[in-house]
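Colleague: coords please:
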Amino acid sequence: MRLTGRLDGLEQLQRALTRITEPSELEASLKAGAEDIRTAARAGLGDGRLPDSRTGALAASLTVEMADDGMSARIGTGLDYGWHLEFGSLGGAPTPWLEPALDEARPGILARLKRWLAGSGRR
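Modeller: Alright, predicted model coming up:
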């Protein structure tokens, strides 16, 4: 006995999946989210609460770097004391500045990604 079948719509499915995973649009959403985190971190470093940036050097040093594939971003600083503030050191307790920025930016980032996902299904 031989069973045969036919699958219609495979080309349409492939086109739809390509549109959903359009990397440039997702990359733009991820980069905007990373910029939101950097903006929140800069604001948090200058709000008068610990850790407050006395010179502004830490806030000014914050960078956003997208991964080569565009699917992740790194927000950080080249200044050693940024790490020590965030996680603590032998000389002091942690006074996080980046994690609170992520917490502040998270709702907007999730909303942006939900809009991207909802829009990708309509194309």
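
Colleague: would you map the helices across this protein?
Modeller: 10-20, 23-45, 57-61, 80-87, 98-120 (DSSP state H).

Colleague: could you point out which of these sits nearest Asp69?
Modeller: Taking C-beta to C-beta, helix 23-45 is the member of these nearest to Asp69, at 7.9 Å. Bear in mind the C-beta positions are built from the backbone N, C-alpha and C, glycine included.

Colleague: elements contacting the closest one?
Modeller: With contacts taken as 3 or more C-beta pairs under 8 Å, 6 or more residues apart in numbering; DSSP states H and E, helix 23-45 sits against helix 57-61, strand 63-66, strand 73-76, helix 98-120.

Colleague: list of residues touching it?
Modeller: The contact list for helix 23-45 (C-beta atoms under 8 Å, 6 or more residues apart in numbering) reads 51-53, 56, 58-59, 62-64, 66, 69-75, 97-98, 100-102, 104-105, 108-109, 112-113, 116, 120.

Colleague: make TSV out of the helices and strands packed on helix 23-45 and add mean neighbour count and distance to Arg38.
Modeller: Below are the helices and strands packed on helix 23-45 laid out as TSV (neighbours: other C-beta atoms under 10 Å; distance: least, C-beta to C-beta, whole Å):
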stretch	mean neighbour count	distance to Arg38
helix 57-61	16	9
strand 63-66	14	5
strand 73-76	16	5
helix 98-120	15	8
